[in-house]
Structures are given as C-alpha cells and as structure tokens.
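**Q** have a look; sequence and predicted model below, questions after that.
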Amino acid sequence: MKFFETDLKGSYIIELEKLEDHRGFFTRIWDKKIFQDKGLNLKLVQTSFSFNKKRGTLRGMHFQKKPFEEEKLVRCIRGKIFDVIIDLRLKSSTYKKWISMELKSDDLKMIYIPRGFAHGFQTLEDNTEVLYQISNWFSPEHAKGIRWDDKEFNIKWPIKNLIISKKDLSYDKEMY
C-alpha cells in the first residue's frame, strides 16, 4: 500500500499494490501494522456497502457527532464515483476546506477519511458499488449532514441531474 496525504491533513489516498500473474491479481486493502505505523485508527468495527442503480446518485454530505465520530476507509468496487470530503474540525488549519477525487473500481485506490470530516459521493456510472470500513457504530441520533449544495462550500458536482434522498435534501448546515 502506498499512502499519499491529501491537502486536508490526516486524510490519505491509498494506492493498493497488486501481485499479478496469469490468474489475475491479489491485493491487500487492510493491514493493521501498516495503518498503525502511519498513526491511523486501527479500530474498524463495521463494514458497509452501497449499491447505486443510476448514474447521478448523490449520497452525502454525512458525518456523526461526538462521541460517535468515525474514520472511514472508502473504496469504489464497481463503477466510478466523484468522492468529496469536508474538514469540519474546528481547530484544523483546513477547517471548512474540501477536496474531491474520482474513485473507480479498476484504479485500486481508496480514501482514508479521519474523524471530524463530512463525506459524500456522486455516482458517475450506473450500478456503482461502494465499500466502507468504519471505525464506529452508526448512531442515528448522532448522524448529521450538510446539504450537497451548501453555498459555503460550493461543491461542483459533475452531474446536474441528481438522484438524492429526502433525508439528504433536508440537511441544513450542521457544523461541530
């Protein structure tokens, strides 16, 4: 695994290294020692899966408030997504800054998202699947979000014709 810190301190793009032969390839997506050596959270307690039927599906911007903040390790395992994270850590030098990247099933990249970040994505292909490894249990009363079109962040989503849930449409700005 190769780790590349993004412009938002503590978040990483992780490139998976593959061992390839005539049968295909093998790669590791989690290694406690490697993550520990990087000083990243080791307590993954949940794995979640998102299937998205249509191109343009938007999920986000989600986060959980204390004490249920969570780190996430996110990988697109089928299709392609436009992935976005926002730093909501009050004392961070990158507070309220966001970055985006494309994750696709065939590029063997993941993103590590630290506690205190909001996360969301938009699918760029039909039948897209996303796998999350998460460091804390889901707590409905601590689950919050920021509207996908919040003017403070002005995220440039690539597909204008959105498919979005009523819950995600109901979010208002909910900072820490």
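**A** Noted; the coordinates are in hand.
**Q** residue 36 versus residue 43, what's the distance?
**A** Counting by C-beta to C-beta, to the nearest Å, the gap from residue 43 to residue 36 is 11 Å. The way it works is simple: take the backbone N, C-alpha and C, and place the C-beta from them, glycine included.
**Q** right, and residue 115 touches residue 72 too?
**A** No - contact criterion C-beta atoms under 8 Å: residue 115 and residue 72 do not qualify, at 9.4 Å.
**Q** more crowded one of those two?
**A** Neighbours were counted for residue 115 and for residue 72 using other C-beta atoms under 10 Å; residue 72 has more, 25 against 18.
**Q** can you tell me how far the nearest residue to the more buried one once chain neighbours are set aside is from residue 19?
**A** Nearest non-adjacent residue to residue 72, counting by C-beta to C-beta, 6 or more residues apart in numbering: residue 113, 4.4 Å away. In this view, residue 113 and residue 19 are 27 Å apart by C-beta to C-beta.
**Q** residue 54 reaches residue 123, doesn't it?
**A** Yes - if you go by C-beta under 8 Å, residue 54 and residue 123 touch, sitting 7.1 Å apart.
**Q** of these two, who's got more company?
**A** residue 123 (26 against 13).
**Q** from residue 50, how far out is the more buried one?
**A** Per C-beta to C-beta, residue 123 is found 9 Å from residue 50.
**Q** same check, this time on residue 88
**A** 21 Å.
**Q** ok, residue 138 next?
**A** In this view, residue 138 and residue 50 are 13 Å apart by C-beta to C-beta.
**Q** likewise residue 15?
**A** Taking C-beta to C-beta, one finds residue 15 at 22 Å from residue 50.
**Q** what are the ranges of the helices in this structure?
**A** Per DSSP state H, the chain carries helices over the ranges 32-37, 166-170.
**Q** before we move on, the earlier item: let me see the contact set for the residue nearest to residue 72.
**A** Residues near residue 113 by C-beta atoms under 8 Å, 6 or more residues apart in numbering: 11, 71, 72, 73, 74, 85, 119.
**Q** returning to what we had before: and the helices of the chain as CSV, adding mean neighbour count and distance to residue 156?
**A** As requested, the helices of the chain are exported to CSV (neighbours: other C-beta atoms under 10 Å; distance: least, C-beta to C-beta, whole Å):
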stretch, mean neighbour count, distance to residue 156
helix 32-37, 12, 31
helix 166-170, 11, 17
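**Q** dump the ones you listed to JSON lines, plus distance to residue 149 and mean pLDDT.
**A** Shown next, in JSON lines, are the helices of the chain (distance: least, C-beta to C-beta, whole Å; pLDDT from 0 to 100):
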{"stretch": "helix 32-37", "distance to residue 149": "34", "mean pLDDT": "91"}
{"stretch": "helix 166-170", "distance to residue 149": "9", "mean pLDDT": "92"}
